[in-house]
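Visitor: Quick one, what's the 3D model for this:
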Amino acid sequence: MKRRFIPMPFPLAVRRSFSGRGLFTQERIPKGSCIIEYLGRPATAKQIKENRGKYLFWTSDRNMIDGNIPANAARFINHSCAPNCEIDIRKRRVYIFALRDIESGEELSYDYGEEYFEMHLAGSCRCVQCAQ
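Guide: Below you'll find the predicted structure:
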């Protein structure tokens, strides 16, 4: 199935979650839907070299964005070792897709990847699966 890289206008809300603040859906999202784009400004040379920020996202082998901007609601999507979303990058833009049907009121999550996990979460993952 060919993906549509156009986020649908799903109503989303930032609320308190098990991991701090999280992004929750306010209606059912069907599997495969493009939910939201992870927005950001181009990362500085220093940010790219240090690669330490929690909202930095590689968009290609040499390009990175800094998603710590008010317009980026996707920055509130938390990590999960059993996620309901996944990332897909197209033309250096980052999109979040539903891995399965997501019910109204569920928190959105995706796997941040091994590099991020080792740098920021190792030994302290607070996702629902690890907290059990």
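Visitor: who touches the residue minimising distance to the centre of the chain in this structure?
Guide: Centroid check for the chain by CA atoms, centre = their mean gives residue 77 as the closest residue, at 4.7 Å. By CB atoms under 8 Å, 6 or more residues apart in numbering, the residues touching residue 77 are 22-23, 36, 85, 96, 108-110. C-beta here means a position set from N, CA and C on the backbone, and glycine is covered the same way.
Visitor: Let me have these in CSV, adding distance to residue 119 as columns.
Guide: Output for these, formatted as CSV (distance: CB to CB, whole Å):
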residue, distance to residue 119
22, 20
23, 22
36, 24
85, 21
96, 21
108, 22
109, 18
110, 16
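Visitor: Okay, and which of the residues you listed map to strands?
Guide: Members of those lying in strands (criterion: DSSP state E): 22-23, 36, 85, 96, 109-110.
Visitor: right, and out of the residues you listed, which lies closest to residue 68?
Guide: Closest to residue 68 out of the ones in strands among the contacts of residue 77 is residue 23 (14.8 Å), distances taken as CB to CB.
Visitor: quick one: contacts for that closest one?
Guide: Listed by CB under 8 Å, 6+ apart, the contact set of residue 23 reads 12-14, 36, 73-74, 76-78, 107-108.
Visitor: Having no further points to raise, I will conclude here.
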